[in-house]
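>>> turn this into a structure:
(one chain, ligands or ions: 1)
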Amino acid sequence: AAAEKGGWPSFMAKEVAEEPEAVANTIRGRVRDGAVVIPELDGLDDLFTGINRIIITACGTASYAGLVGKYALEHWARIPVDVELAHEFRYRDPVIGADTLVVSISQSGETMDTLMAVKYARERGARTLSICNTQGATIPRESDAVVYTHAGPEVAVASTKAFVAQITALLLLGLHVGRVRGSLEDGAASVAELEALPAKLAHVLESEQGHVAQLAGWMADTRSVLFLGRHVGYPIALEGALKLKEISYIHAEGFAAGELKHGPIALIEPGQPVFVIVPSPRHSALIHAKVVSNIQEIRARGARVIVVAEEGDAAVLPFADEVIRIPLAGAFFEPILAVIPLQIFAMALATAKGLDVDQPRNLAKSVTVE
Ligand code: G6P
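Next comes the predicted model:
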């Protein structure tokens, strides 16, 4: 097993280190003449032109990738997208039919809840597309089309490289569908963003790994951590909290930053650690200002604020206890970078507590029962 880990202390550490490669491999072969063209979807344009809505269905980490995908798909492809947990979708008599494309996301391709949701969608006449990391798995076999993520085998129970590959595949899908539907405006710029991602991921790993691990070491006795994000930072807040629950057994919750005043702010007491994912002010000065004002609100109540912000964003400095930097990237590409420090944090905290990061208690890599 030590040899399989390639010198890393855990599969999770190895898989985090493989993230730049996972993203690069997922993009490879899917850009043609400066546009995203997914060869697996050749001849399947009607999957995207003959529909009026998309439902993304998945469980766990894959569902958070789906939420990032919703924002990107709606922006680029101008089509309504809903994200539904597979086990809720399947049992609530949803309104679906031939005008619906159901996109499932699954690392293993074997998650029973997700498989049942896909079968159910097909029975109701919907079209189905699967985003999957495992060649020939059951879910892609049950779907009309498949876009594989090429993250390579993921062994650690908590998903890391598959998650960034899933978001990458959803961005590719959004750009592909936007082109096919004729709604895409900034295609070439987005392709440039995609191709720049692997190097930026490598940069985050290099520049922040030590800093984040040190933070986690200081916080080994922490009993609760909150995560706030807005726009595509919101699903990243949810994922940051999930990672911490899964492998560190610490109470953690992710919130949409705008919800703070509707409840979560009551949880803030002196010393409460809060991670805040701050979107770049270059994408939207308004969204950025709102998140900075959330930081001020929690800081005023004594929160210990750990900010994940773009390099050069000085607005966060007066209110942050710790600043984790990520490189500049387009709005929909930023979450792929922002999640890395959160994964490292969870891993380092679990390690500091002496836990097995690869095999957390009570969890399975793939849940093949309903
Ligand atoms: C399990 C794993 C999670 C994963 C989820 C969905 O709960 O522990 O890490 O996100 O299943 O798995 P899938 O293979 O469908 O992506």
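>>> so which residue of the stretch 201-350 of the chain comes closest to the ligand?
For the stretch 201-350 of the chain and the ligand, the shortest gap (Cβ to the nearest ligand atom) falls at Glu246, measuring 6.9 Å. To be clear about C-beta, it is placed using only N, CA and C from the backbone, and glycine gets the same treatment.
>>> which stretch of helix or strand covers that residue?
Glu246 is part of helix 233-248, with elements assigned from DSSP states H and E.
>>> which strands and helices sit next to that helix?
helix 61-77, strand 224-229, strand 251-256, strand 273-277, helix 334-352 (3 or more Cβ pairs under 8 Å, 6 or more residues apart in numbering; DSSP states H and E).
>>> will you turn the ones you listed into a markdown table that also has mean pLDDT?
Shown next, in a markdown table, are those (pLDDT from 0 to 100):
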| stretch | mean pLDDT |
| --- | --- |
| helix 61-77 | 98 |
| strand 224-229 | 98 |
| strand 251-256 | 97 |
| strand 273-277 | 98 |
| helix 334-352 | 97 |
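>>> turn these into CSV, including distance to the ligand and mean neighbour count.
As requested, these are arranged in CSV below (distance: least, Cβ to the nearest ligand atom, whole Å; neighbours: other Cβ atoms under 10 Å):
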stretch, distance to the ligand, mean neighbour count
helix 61-77, 3, 24
strand 224-229, 17, 24
strand 251-256, 15, 20
strand 273-277, 19, 26
helix 334-352, 12, 26
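>>> all strands of the stretch 101-250 of the chain, in order?
Taking DSSP state E, counting those that start in this stretch, the strands of the stretch 101-250 of the chain run over residues 127-132, 145-148, 224-229.
>>> nearest to Ser183, of the ones you listed?
Between Ser183 and the strands of the stretch 101-250 of the chain, the shortest gap by Cβ to Cβ is with strand 127-132, which sits at 18.1 Å.
>>> now the angle from the closest one to helix 61-77?
If you take axes from the mean of the first three to the mean of the last three Cα atoms, to 10 degrees, strand 127-132 sits at 120 degrees to helix 61-77.
>>> among the helices and strands packed on helix 233-248, which comes closest to Ala13?
Nearest to Ala13, of all these, is helix 334-352, at 6.5 Å by Cβ to Cβ.
>>> returning to what we had before: and of the helices and strands packed on helix 233-248, who's closest to Lys365?
helix 61-77 (11.3 Å).
>>> what's the local residue count around the closest residue to Leu129 other than its chain neighbours?
Excluding the flanking residues, the one nearest Leu129 by Cβ to Cβ, 6 or more residues apart in numbering is Ala145, at 4.5 Å. Number of residues near Ala145 (other Cβ atoms under 10 Å) recorded here: 18.
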